[in-house]
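Engineer: no sequence on this one, just coordinates:
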């Protein structure tokens, strides 16, 4: 009887043996170049870090995450989020905690980050164990092909350093790589909308003109030189060393999945798909912002 | 009483804080049945996959985790003077830095949810159920056990 019951257990909920490869043998050839980066994710390490993350998100940011039940139970997914909070990115922390506790550390998820984040000495190596990888279309495709999910912030540095006055705006800056990735990998997009991150510091300007004048885009793939007021620096130029985020309340909502082929046919118009995804996210962000009575508090 | 607490369809009617108690096996009741279980604790919904490891009709239901948060739970029904006593115990274990503090804080949240759950069972059986049903006495026990 016990054996019969065991066979009923769905494959998606079967815990992966910790320390083994997340890539099924039949996919090994396809993703061999990315395997080393993907295999750095450490489920046992993530499980041990969850209590500390819970303390930070529950007590410090009073985070509230809704819509997790909308996440499909099986298959790779492309989570697309709006990015806030400067280089400290509390919204990513909240989402990674919520995903790993709701779904379980056994189902792999990778978060794409700027190379400046992944190359930091301590943050970079700890981040790899959480599944944070340097953003790039090839490694993202490889992660999805391995059956894992991927979290991407298309707005990247431009969005996370947008001024406080634009805190309730989705700002993807016309970047459509995430759409190409979802189409090429034939995975649904799951929007993740967060509010409150821009209240954890006071971004004054994203400094795009300064970045252009200094040629930072060519040198370091940086489109901004953000200037903000943040702890402990006071006036914070660049945010390269990060800052101590203020304890603003973070609200997050996971929206229903979007299948681009289903919504826009076999050859979707990228501009139309971009407008659709960003308008869905803007609608949700505006609704979350409407719940905020006073910036950073409730 | 046993019919109520063993019915996965009705878990959301009385199990306070529970956001999901969904069957994950063809067997929906009894020994070996598996469920996806989630409870809201602070900023997140925590839980995982559990399997029923003990099942004695009108006496005991026990479950243990197979994935997600390490946990064990037990409903037990005991005869008492003038009615029936219902007990609910849930233990969970966390690992890593900060786990003791989280166990203490989250344990209080889970404990309050369990007390509210017992009150809900009592309401359903004594006030909203059929008159022939036995009397339920609410007793709950939340335990957080740290790994050694």
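Structural biologist: Everything's here; your move. This one's a predicted model, so the numbers in the text were calculated from it and none came from an experiment. Residues are numbered from 1 along each chain as shown, chains lettered A, B, ... in the order given.

Engineer: use CA for all of it now, contacts and neighbours both
Structural biologist: OK.

Engineer: How about the residues of chain B by chain A?
Structural biologist: Within chain B, the residues that sit near chain A (Cα under 8 Å from any Cα of the partner chain) are B:24-27, B:32-33, B:38, B:42-49, B:67-69, B:94-99, B:102.

Engineer: Are any of these buried, and if so which?
Structural biologist: Buried residues within the residues of chain B next to chain A, counting neighbours by 16 or more other Cα atoms under 10 Å in any protein chain shown: B:24-25, B:32-33, B:38, B:42-49, B:67-69, B:94-96, B:98-99, B:102.

Engineer: Break down chain B into its strands, ranges please.
Structural biologist: Using DSSP state E, the strands assigned to chain B run over residues B:18-23, B:34-41, B:44-56, B:60-68, B:70-80, B:83-93, B:136-144.

Engineer: same check, this time on the stretch 51-200 of chain A
Structural biologist: Secondary structure of the stretch 51-200 of chain A, counting by DSSP state E, counting those that start in this stretch: strands at A:64-66, A:78-81, A:109-113, A:132-134, A:149-152, A:189-195.

Engineer: Can you list the neighbours in contact with the fifth one?
Structural biologist: Right, the one you point to is strand A:149-152. The contact list for strand A:149-152 (Cα atoms under 8 Å, 6 or more residues apart in numbering or on different chains) reads A:75-81, A:108-113, A:140, A:143-144, A:178.

Engineer: circling back to that earlier point, okay, the strands of the stretch 51-200 of chain A in TSV with mean neighbour count, distance to residue A:222 and mean pLDDT next?
Structural biologist: Formatted as TSV, these follow (neighbours: other Cα atoms under 10 Å in any protein chain shown; distance: least, Cα to Cα, whole Å; pLDDT from 0 to 100):
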stretch	mean neighbour count	distance to residue A:222	mean pLDDT
strand A:64-66	19	30	93
strand A:78-81	26	19	98
strand A:109-113	23	13	96
strand A:132-134	25	14	94
strand A:149-152	24	17	98
strand A:189-195	27	23	98
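
Engineer: out of everything not next to it in sequence, what's closest to residue A:183?
Structural biologist: Leaving aside its chain neighbours, residue A:183 sits nearest to residue A:260 (7.1 Å; criterion: Cα to Cα, 6 or more residues apart in numbering or on different chains).

Engineer: Can you read off the pLDDT for residue 44?
Structural biologist: You didn't say which chain, so I picked chain A. Note on residue A:44: pLDDT of 94.

Engineer: actually it's chain B I care about, not the one you picked
Structural biologist: On the pLDDT scale, residue B:44 gets 85.

Engineer: Quick check: bridge partners of it?
Structural biologist: Residue B:44 forms beta bridges with residue B:41, as assigned by DSSP bridges.

Engineer: any idea how far the residue in chain B that chain A sits nearest to lies from residue B:47?
Structural biologist: Closest to chain A within chain B is residue B:96: 4.2 Å, counting by Cα to the nearest Cα. Taking Cα to Cα, to the nearest Å as the measure, residue B:96 falls 17 Å from residue B:47.
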